[in-house]
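A.B. asks: quick one, structure for this:
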Amino acid sequence: MAQKVIGSPFLKPFFLKTPVRVVGPLRQRRHTLPASEFRNLTPQDAISVFEIEREAFVSVSGECPLTLDEVLNFLSQCPELSLGWFEEGQLVAFIIGSGWDKERLSQEAMTQHVPATSTVHIHVLSVHRHCRQQGKGSILLWRYLQYLRCMPGLRRALLICEDFLVPFYLKAGFKEKGSSAISVSNMQFQEMEYTLGGQAYARRNSGC
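C.D. replies: This next block holds a predicted model:
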């Protein structure tokens, strides 16, 4: 079955080629959900998002990047800056972002969305515990960055991460901006930046 990407006006549907299987009409009727779907998140997805986030982060650091109220807030204010990966209708991985208008991230960036800016703050990338160690985080991040390239006016993405995650983001094309001024429960972070490029680059290289 093909993988389908849908969501916003800038997230064009496309399919990944997979071997074609011929199935009977009865089996076709039973399977109405796409095997793999990518779309923007909505407030209705907030509970699933928070459950995955809580399991992923609390067990490691004792802190969630976003509370449930903050998840609801961002999915209400800027759903177009989120992306969820669904398999058979179930959320398996997600990214939540918001707008930011300063050169570096500050503590205020953790809870604020600034509309109509050229910078996206990536708050959290998380994968369901049953789907880890499968490369889903890297795939979702790549698709999210390509999606952002197609959005008018966006020029870069910022995030903070712990030291052990720096190689993951470097491999994805981010560059280090140095130590972050943000701290959470005495945890220290590195700030990373990804250059999205102009619209001409996006159209030429991303099929926008």
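
A.B. asks: so what does the host helix or strand of E193 touch, helix or strand wise?
C.D. replies: Counting by DSSP states H and E, the element that carries E193 is strand 187-195. Counting contacts by 3 or more CB pairs under 8 Å, 6 or more residues apart in numbering; DSSP states H and E, the secondary-structure elements packed against strand 187-195 are strand 156-161, helix 166-171, strand 175-184. (C-beta placed from N, C-alpha, C; glycine too.)

A.B. asks: could you look up the SS state of A116?
C.D. replies: Taking DSSP: H, G, I helix; E, B strand; the rest coil as the rule, one finds A116 in the coil state.

A.B. asks: surely it meets C78?
C.D. replies: No - the pair A116 and C78 fails to qualify as a contact (CB atoms under 8 Å) at a distance of 10.6 Å.

A.B. asks: between those two, which contacts overlap?
C.D. replies: Any residue near both A116 and C78 by CB atoms under 8 Å, 6 or more residues apart in numbering counts here, and that gives G99.

A.B. asks: the strand holding E193 versus strand 156-161: what angle between them?
C.D. replies: For strand 187-195 against strand 156-161, the angle between stretch directions is 160 degrees (axes from the mean of the first three to the mean of the last three CA atoms, to 10 degrees).

A.B. asks: please name the strands paired to strand 187-195 in the sheet, noting orientation.
C.D. replies: Strand pairing for strand 187-195, using DSSP bridges, gives strand 156-161 (antiparallel), strand 175-184 (antiparallel).

A.B. asks: where in the chain is pLDDT low?
C.D. replies: Confidence mapping of the chain against pLDDT under 70 gives the ranges 1-33, 59-62, 198-208.

A.B. asks: for it, what spans make up the strands?
C.D. replies: In order along the chain, the chain carries the following strands (DSSP state E): 3-5, 15-16, 36-39, 82-87, 90-100, 119-127, 156-161, 175-184, 187-195.
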